[in-house]
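Engineer: sequence? don't have it. structure:
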């Protein structure tokens, strides 16, 4: 709103033709609400994995600017429960174009506790989406390998590189050497 001045400057000799000028109003279209938020127990201690389909900047088109993620010990299903939920400030993904798959890991949770999650999306104005669905998951209690001896064929060991060279010998721990 208000008065604006448009100035055209001809950079070289000649003339310019102007047939029309388009004036765009403010962005009043909210990003779409996420409807497919999923939560699952994470792979490391005190984590939960989240996944969803990226909404757009304007409804279901374009690319949003940021995500707001919160968790609670009870379902987040309205503005009051959203306001009372704990903000997640680390590990937030940068939004991708609408329709892309998004994932993130929420860390620092109490292992074994059940958490509910919800996400809102912001665009550059910032217009804010409605509240997502609110799935729950148990924070991982995986503490990794404890102290002890483990054979090189143990399922928790991985090798990336070439292929294993194998020699079986009764003198090696577990009877194998790779």
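Structural biologist: Received the coordinates, thanks. In this text, all values refer to a predicted model and were calculated from it rather than measured experimentally. Numbers count the residues shown, from 1 in each chain.

Engineer: give the rounded mean pLDDT of the lengthiest strand in the chain.
Structural biologist: Across the chain, the longest stretch assigned as strand under DSSP state E is strand 114-122. When pLDDT is averaged over strand 114-122, the result is 98.

Engineer: same check on stretch 37-53?
Structural biologist: Across stretch 37-53, pLDDT averages out at 96.

Engineer: please pull out the lowest mean pLDDT helix or strand from the protein.
Structural biologist: strand 167-168 (a mean of 62; mean pLDDT, DSSP states H and E).

Engineer: hang on, residue 21 packs against residue 8?
Structural biologist: No. Counting by Cβ atoms under 8 Å, residue 21 does not reach residue 8; the two are 9.8 Å apart. The way it works is simple: take the backbone N, C-alpha and C, and place the C-beta from them, glycine included.

Engineer: isn't residue 106 up against residue 88?
Structural biologist: Yes. In this structure residue 106 lies within contact range of residue 88 using Cβ under 8 Å: 5.6 Å.

Engineer: neighbour count for the two, which is higher?
Structural biologist: Comparing residue 106 with residue 88 by other Cβ atoms under 10 Å, the one with more neighbours is residue 106, at 24 against 21.

Engineer: got the residue ranges for the helices in this structure?
Structural biologist: Listed in chain order, the helices of the chain (DSSP state H) span 79-84.

Engineer: low-confidence ranges, it, go.
Structural biologist: For the chain, the stretches flagged by pLDDT under 70 are 1, 144-146, 152-178.

Engineer: now do the contacts for the residue nearest to residue 35 when sequence neighbours are not counted.
Structural biologist: Nearest residue to residue 35, sequence neighbours excluded (Cβ to Cβ, 6 or more residues apart in numbering): residue 133, at 6.1 Å. Going by Cβ atoms under 8 Å, 6 or more residues apart in numbering, residue 133 touches 34, 35, 36, 37, 118.

Engineer: how much space between residue 133 and residue 42?
Structural biologist: Distance, residue 133 to residue 42, by Cβ to Cβ, to the nearest Å: 19 Å.

Engineer: please tell me how far the residue nearest to residue 35 sits from residue 40.
Structural biologist: With distances taken as Cβ to Cβ, residue 133 is found 14 Å from residue 40.
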